[in-house]
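*Asks:* My questions concern the predicted model and sequence given below.
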Amino acid sequence: MTAYLISNARILGGEAADLHLDNGEIVAVGKNLPKPEGAQEIDGTDLIALPGLVDLHTHLREPGREDAETVLTGTRAAALGGFTGVHAMANTDPVADTAGVVEQVWRLGREAGYCDVFPVGAVTVGLKGTQLAELGAMADSAARVRVFSDDGLCVWDAALMRRALEYVKAFGGVIAQHAQEPRLTQGAQMNEGELSGVLGLTGWPSVAEESIIARDILLNAHVGSKLHVCHLSTKGSVEIVRAAKKRGLAVTAEVTPHHLLLTEEKATTYNPVFKVNPPLRTKEDVEAVREGLADGTIDIVATDHAPHPVEDKDCEWSAAAFGMLGLETALSVVQHAMVDTKLMTWADVADRMSFRPARIGQLSGHGQPLAAGAPANLTLVDANATRTIVPSETASLSRNTPFDGMQLPGRVVATFLRGEATVLDGKLAK
Ligand SMILES: NC(=O)N[C@@H](CC(=O)O)C(=O)O
Ligand SMILES: [Zn+2]
Ligand SMILES: [Zn+2]
């Protein structure tokens, strides 16, 4: 295995230091480290060293929709985005609701070798919302599942949600809820408001999200388990989570890069690339989720990378699939929305995109400080670079990025997974 000496990189955007990687670990971090024999040198001057990013919410589509994405292509996109660990959502075909399927996804990740893949287990059999899946068997499998979600669909039955929370408590698992009251969002196409009226698209009220979040926080307080809120998107949701945390109630929450940057006005284009679940909201909501992420009310950024093939997006708005790509643009969007606006530091970025998601996912080898003895999972970022997003340049099998043509700051220069380069010079290294 190649050893690396990365010289003069700014650790978490702070002071510059050298990093010596060997045998899958960070051997040393310090000033003027001697060059170890045979080590490959990387000039880290002006680059920021971050712990390998961890995504709690990725759709890799395999098994079942290999026309949209595979574990291989999705983890290549992840590595290019600076990630060393991704949680693969369960809404595949077959659904990841058994030990067999989660082990298959986990193994495909190991074989691909670009990024560790941590399968999320379905909460209910077939995502049907009626019967609990084999949560314990998935937890005990080789994939060691700790995060469970019916994402794409809400576990709307309160009794079932309660039982799921109770069940995972035994092994410290977490239920990640896609908070969407289904009766309030029937046929919904975009955010509910003045604009949805003007455009003639069925609206998706904020309260459909907020009512489930409030209910689940109370349910979880009753059970004493772990609740995580997926892709929170409204000002009201931020306020509910903030109030709950103030009361000492256990809840964690995520926001996507696109909800930190884009607003419902994108729907005026009628271009379904902007159609997503939950929908893009208002400027006021964007400000609130930014503030919530900055003050720690929202724990993490999660991409909700949701690849869809051209035929599911190249159609009229109401017929198109919900979802956007996110892995390769996440860090740039967060830099643009949060760092360049001075709302967060790079240390905060490390916290929200690596330390905390790893903690919520209960990963031992990821989300650790860049210090001697830690697994060498890290990424080097050139924050001074700018790039124009070109859909055809993605490593993903799909092209549905909402940032097409946008100029965004920052570029991932290198990514290391247990000391092995997955990305070098901004390109896949293997
Ligand atoms: N976010 C989306 O719009 N779509 C996701 C499902 C989801 O995250 O709810 C998908 O699987 O395509
Ligand atoms: Zn979802
Ligand atoms: Zn999702």
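*Replies:* In hand now; what should we look at? No experiment lies behind these values; they were computed from the predicted model shown. Ligands and ions are numbered 1, 2, ... in the order given.

*Asks:* ok, and the closest non-adjacent residue to residue 106?
*Replies:* residue 143 (3.8 Å; Cβ to Cβ, 6 or more residues apart in numbering). Bear in mind the C-beta positions are built from the backbone N, C-alpha and C, glycine included.

*Asks:* Next, find the distance separating the one you found from ligand 3.
*Replies:* 19 Å (Cβ to the ion, to the nearest Å).

*Asks:* Can you classify that residue as helix, strand or coil?
*Replies:* coil (DSSP: H, G, I helix; E, B strand; the rest coil).

*Asks:* Pretty sure residue 395 sits in a strand.
*Replies:* No. Counting by three-state DSSP, residue 395 falls outside a strand, being coil.

*Asks:* For it, give me its contacts.
*Replies:* For residue 395, the contact set (Cβ atoms under 8 Å, 6 or more residues apart in numbering) comprises 73, 76-77, 80, 328, 428.

*Asks:* Repeat the analysis, applying 10 Å as the threshold.
*Replies:* 72-81, 114, 327-328, 427-428 (Cβ atoms under 10 Å, 6 or more residues apart in numbering).

*Asks:* Now it. Its backbone dihedrals?
*Replies:* Backbone torsions of residue 395, given as degrees, to the nearest 10, read phi -80, psi -10.

*Asks:* and it, what pLDDT?
*Replies:* pLDDT recorded at residue 395 is 98.

*Asks:* With residue 176 instead?
*Replies:* Reported pLDDT for residue 176: 99.

*Asks:* That one - how many residues pack around it?
*Replies:* For residue 176, the count of nearby residues is 31 (other Cβ atoms under 10 Å).

*Asks:* And the strand or helix carrying it, what does it pack against?
*Replies:* When elements are assigned from DSSP states H and E, residue 176 belongs to strand 174-177. The elements that strand 174-177 packs onto, with contact taken as 3 or more Cβ pairs under 10 Å, 6 or more residues apart in numbering; DSSP states H and E, are strand 53-58, strand 147-148, helix 158-169, helix 206-223, strand 227-229, strand 252-255.

*Asks:* want to try CSV for those, with distance to residue 185, mean neighbour count and mean pLDDT as columns?
*Replies:* Shown next, in CSV, are these (distance: least, Cβ to Cβ, whole Å; neighbours: other Cβ atoms under 10 Å; pLDDT from 0 to 100):
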stretch, distance to residue 185, mean neighbour count, mean pLDDT
strand 53-58, 19, 30, 99
strand 147-148, 22, 27, 99
helix 158-169, 17, 19, 98
helix 206-223, 5, 20, 98
strand 227-229, 16, 25, 99
strand 252-255, 19, 26, 99
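
*Asks:* Just send those back as CSV, with distance to ligand 1 too.
*Replies:* Formatted as CSV, the helices and strands packed on strand 174-177 follow (distance: least, Cβ to the nearest ligand atom, whole Å):
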stretch, distance to ligand 1
strand 53-58, 7
strand 147-148, 14
helix 158-169, 17
helix 206-223, 12
strand 227-229, 12
strand 252-255, 11
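
*Asks:* On the pLDDT front, check the nearest residue to residue 262 once chain neighbours are set aside for me.
*Replies:* Setting aside the residues directly before and after it, residue 262 is nearest to residue 280 in space (Cβ to Cβ, 6+ apart), at 5.0 Å. Residue 280 carries a pLDDT score of 99 in this model.

*Asks:* For residue 280, give its distance to ligand 2.
*Replies:* Distance, residue 280 to ligand 2, using Cβ to the ion: 14 Å.

*Asks:* so is that residue in a helix, a strand, or just coil?
*Replies:* Assignment for residue 280 (three-state DSSP): coil.

*Asks:* Can you give me the neighbour number for it?
*Replies:* Neighbour tally, residue 280, other Cβ under 10 Å: 23.

*Asks:* and the residue of the stretch 51-200 of the chain found nearest ligand 1, what is it in contact with?
*Replies:* Using Cβ to the nearest ligand atom, the closest approach of the stretch 51-200 of the chain to ligand 1 is made by residue 152 at 3.9 Å. Neighbour list for residue 152: 59, 89-91, 95, 122, 127, 178, 180, 230, 277, 306, 322-323 [criterion: Cβ under 10 Å, 6+ apart].

*Asks:* any chance of these in CSV, with neighbour count, distance to residue 353 and secondary structure too?
*Replies:* As requested, the contacts of residue 152 are exported to CSV (neighbours: other Cβ atoms under 10 Å; distance: Cβ to Cβ, whole Å; DSSP: H, G, I helix; E, B strand; the rest coil):
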residue, neighbour count, distance to residue 353, secondary structure
59, 28, 18, coil
89, 28, 18, coil
90, 30, 22, coil
91, 21, 23, coil
95, 21, 28, coil
122, 33, 25, coil
127, 21, 27, helix
178, 25, 21, coil
180, 21, 24, coil
230, 26, 16, coil
277, 21, 22, coil
306, 26, 18, coil
322, 16, 23, coil
323, 23, 20, coil
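
*Asks:* Can you convert those residues into CSV and add a column each for distance to residue 298?
*Replies:* Converted to CSV, these look like this (distance: Cβ to Cβ, whole Å):
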residue, distance to residue 298
59, 20
89, 19
90, 23
91, 23
95, 28
122, 25
127, 25
178, 16
180, 18
230, 12
277, 18
306, 19
322, 21
323, 20
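
*Asks:* Figure out which of the helices and strands packed on strand 174-177 is closest to ligand 2.
*Replies:* strand 53-58 (7.6 Å; Cβ to the ion).

*Asks:* contacting residues for the residue lying closest to residue 125 once chain neighbours are set aside?
*Replies:* With Cβ to Cβ, 6+ apart as the criterion, residue 125 has its nearest non-adjacent residue at 4.7 Å, and that residue is residue 131. Residue 131 sits next to 97, 123-125, 160 when contact means Cβ under 10 Å, 6+ apart.

*Asks:* Which ones among those residues map onto helices?
*Replies:* Judged by DSSP state H, helices contain the following of those: residue 160.

*Asks:* quick one, strands of the stretch 251-400 of the chain?
*Replies:* Using DSSP state E, counting those that start in this stretch, the strands found in the stretch 251-400 of the chain span residues 252-255, 300-301, 378-388.

*Asks:* who does the first one pair up with?
*Replies:* Partner strands and pairing direction for strand 252-255 (DSSP bridges) are strand 227-229 (parallel), strand 300-301 (parallel).

*Asks:* quick one: contacts for the spatially closest residue to residue 322 that is not a sequence neighbour?
*Replies:* Distances taken as Cβ to Cβ, 6+ apart place residue 277 nearest to residue 322, at 4.0 Å, with adjacent residues excluded. Taking Cβ under 10 Å, 6+ apart, we find residue 277 in contact with 151-153, 178, 180, 185, 188, 204, 230-231, 233, 304, 306, 321-324.

*Asks:* ditto for residue 365
*Replies:* Here residue 365 is in contact with 24, 52, 84-85, 116, 358, 374-375, 377, 417-418 (criterion: Cβ under 10 Å, 6+ apart).
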